[in-house]
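Trainee: Any chance you can model this:
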Amino acid sequence: MSLLQEPFADGASIAHRLDPRGRVLAAGAFAVLMAAARTYAAVIAGLALALILLALARLPWKKVGARLLVVNGFIVFLWFVLPLTYPGEEVFRLGPLAVSRQGLLSTGLITLKSNAMMIALIALIATQPVNTLGEALQQLRLPGKLCHLLLFTYRYLHVFEQEFQRLVQALKIRGFRAGTNLHTYRTYANLAAMLLVHSFDRADRVYRAMLCRGFKGKFYSLRTFSWQARDLVFGLLSLLALAGLLYLEWRDAGSL
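Mentor: Numbers count the residues shown, from 1 in each chain. Sure thing, here's the model as predicted:
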């Protein structure tokens, strides 16, 4: 069940008490704006807003840092590639390689944008259980198949993990030892194929069981969300913040 851990979902902070639908809309709008931003002023302001949201969520900093470390682990590779390959004004040289100013600026912008989006998503989305997120998406009239895919993936991901571990254990019992040879590659290919076959078989059995219980392609929830005064305040503040980011982006457009 390790894949189903939700360390940020429980809490009594302001962020936890907000309506899930409002959090989804705010997080989506913020992520789109950050992804499209091209100026440092807007991105730095967005990062500051994300940190404010994180502070309001009152999440454990160590766990948040661990997740940001994973994201920045991929970004590190950009720092080794983009400044050396991006055309522009040369800042200094590393042997035969030239480091460009535009490459450094672009990589720095990507780093700030990625961290801002991840922090905002942790503060607004990870602070609600996946089941609640699925219900919020349904009430926002997102396609039903997309909501079902999210909920089923969440529900049965640990089943696939257990099946994978069972197959790996069976290989070890039979004396399999991984190596860099054709036998190992064939074994891993067969392992992936068996996992897909078992997953398809399990999905078919689950679907038939749901049909026997009256499933008609829609999940019905006994819980309904209602907008509160704090959600209205959060919505207005979110609109003002997004408008401010748009203004900063427009004001400094073309500076890079």
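Trainee: pretty sure M34 is in a strand, no?
Mentor: No - counting by DSSP: H, G, I helix; E, B strand; the rest coil, M34 falls outside a strand, being helix.
Trainee: got a list of what it touches?
Mentor: M34 makes contact with 43, 46, 113, 116-117, 120, according to Cβ atoms under 8 Å, 6 or more residues apart in numbering. Using the backbone N, CA and C atoms, a C-beta is placed for each residue, glycine as well.
Trainee: Go through those and flag which are in strands.
Mentor: Among the contacts of M34, no member falls in strands (criterion: DSSP state E).
Trainee: In those, which residue is surrounded by the most others?
Mentor: Most neighbours among the contacts of M34, by other Cβ atoms under 10 Å: G46, with 28 neighbours.
Trainee: Buried ones in the helix or strand of the chain with the lowest mean pLDDT, by neighbour count?
Mentor: Ranked by mean pLDDT, DSSP states H and E, the weakest helix or strand in the chain is strand 90-94, scoring a mean of 78. Within strand 90-94, no residue qualifies as buried by neighbour count (16 or more other Cβ atoms under 10 Å).
Trainee: Repeat that for stretch 66-74.
Mentor: The neighbour-count check on stretch 66-74 (16+ other Cβ under 10 Å) flags 67-68 as buried.
Trainee: Now do that stretch, average pLDDT.
Mentor: In this model, stretch 66-74 has a mean pLDDT of 91.
Trainee: cool, stretch 244-256 as well?
Mentor: Mean predicted lDDT for stretch 244-256 stands at 79.
Trainee: Do a quick rundown of the helices in the stretch 1-150 of the chain.
Mentor: In the stretch 1-150 of the chain, the helices defined using DSSP state H, counting those that start in this stretch lie at 14-17, 20-36, 40-57, 61-85, 101-124, 130-139, 144-173.
Trainee: May I see the ones you listed organised as JSON lines, with distance to T184 added?
Mentor: Listed next are the helices of the stretch 1-150 of the chain as JSON lines, based on distance: least, Cβ to Cβ, whole Å:
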{"stretch": "helix 14-17", "distance to T184": "47"}
{"stretch": "helix 20-36", "distance to T184": "40"}
{"stretch": "helix 40-57", "distance to T184": "43"}
{"stretch": "helix 61-85", "distance to T184": "27"}
{"stretch": "helix 101-124", "distance to T184": "35"}
{"stretch": "helix 130-139", "distance to T184": "35"}
{"stretch": "helix 144-173", "distance to T184": "10"}
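Trainee: So which of those is nearest R213?
Mentor: R213 sits nearest to helix 144-173 of all the helices of the stretch 1-150 of the chain, at 14.7 Å, using Cβ to Cβ.
Trainee: hmm, back to that, kindly reformat the contacts of M34 as a markdown table containing distance to G95 and pLDDT.
Mentor: Shown next, in a markdown table, are these (distance: Cβ to Cβ, whole Å; pLDDT from 0 to 100):
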| residue | distance to G95 | pLDDT |
| --- | --- | --- |
| V43 | 31 | 94 |
| G46 | 36 | 95 |
| K113 | 30 | 95 |
| A116 | 34 | 95 |
| M117 | 35 | 95 |
| A120 | 39 | 95 |
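Trainee: so which of these comes closest to L18?
Mentor: Nearest to L18 among the contacts of M34, with distances taken as Cβ to Cβ, is A120, at 13.2 Å.
Trainee: if I look at the residue nearest to L54 when sequence neighbours are not counted, how far off is N181?
Mentor: Nearest residue to L54 in three dimensions, chain neighbours excluded: A123, at 4.6 Å (Cβ to Cβ, 6 or more residues apart in numbering). From A123 over to N181 the distance is 47 Å, taken as Cβ to Cβ, to the nearest Å.
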